[in-house]
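Enquirer: Return a 3D structure for these sequence lines:
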Amino acid sequence: MFRVLVGLLLLISLGCSPAEQRGTVTGKVLVEGVPLTEGTIYFENQAKGVALTGQIKPDGSFKLASHQGAGLVVGAYQVAVSPEAMLMSADEIPLVGKNVRQPNDVKKSPLPEKYHKTSTSGLTAEIKEGENPPLEFDLKK
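Expert: Numbering: from 1, shown residues only. Next up is the predicted model:
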């Protein structure tokens, strides 16, 4: 019985790895100094296999959080910005044929297309453990 208990405790302890260090991620997205009023910001770290999106609010601000907590796993990230707004909850997902949300007209967006992908945006961020200063991305046309 004692061996079974010790074996079970050993299995449980091996299965519980410590959580990765995280850092807060907040900031603002501007286009030529003017806040981007709607969109989605995307942070990607291919080496760690981590990515997270956040909603850009009408004042251009954003804050990243996931089910694992606020912020991101510590590391270097490539960043992209899309003019498309995120759906924030299941309540906002329209039923088929009911108040279908029209997508943003990307052609009318002040956001140049090169910023839509991490591979072409040229935007990066280094996230450190704990509280990070707010990021500011002032995108050029």
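
Enquirer: Number of residues surrounding the spatially closest residue to P110 that is not a sequence neighbour?
Expert: Once its chain neighbours are removed from consideration, P110 has its nearest residue in V31; the separation is 4.7 Å (CB to CB, 6 or more residues apart in numbering). C-beta here means a position set from N, CA and C on the backbone, and glycine is covered the same way. By the measure other CB atoms under 10 Å, the count of residues near V31 is 22.

Enquirer: so what's V31 up against?
Expert: For V31, the contacting residues are 110-111, 138-139, 141, taking CB atoms under 8 Å, 6 or more residues apart in numbering as the criterion.

Enquirer: Can you tell me which of those are buried?
Expert: Burial by neighbour count, judged by 16 or more other CB atoms under 10 Å, picks out 111, 139 from the contacts of V31.

Enquirer: Now flag whichever of the contacts of V31 is closest to K117.
Expert: L111 (12.1 Å; CB to CB).

Enquirer: Just the pLDDT at the residue nearest to P110, thanks.
Expert: At V31, the model reports a pLDDT of 95.

Enquirer: Could you give the backbone dihedrals for it?
Expert: Dihedral pair for V31: phi -120, psi 110, per degrees, to the nearest 10.

Enquirer: Now render the contacts of V31 as CSV, adding pLDDT.
Expert: Rendered in CSV, the data for the contacts of V31 read as follows (pLDDT from 0 to 100):
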residue, pLDDT
P110, 75
L111, 86
D138, 97
L139, 95
K141, 89
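
Enquirer: what about the chain, any weak spots by pLDDT?
Expert: Across the chain, the ranges flagged by pLDDT under 70 are 1-18, 86-108.
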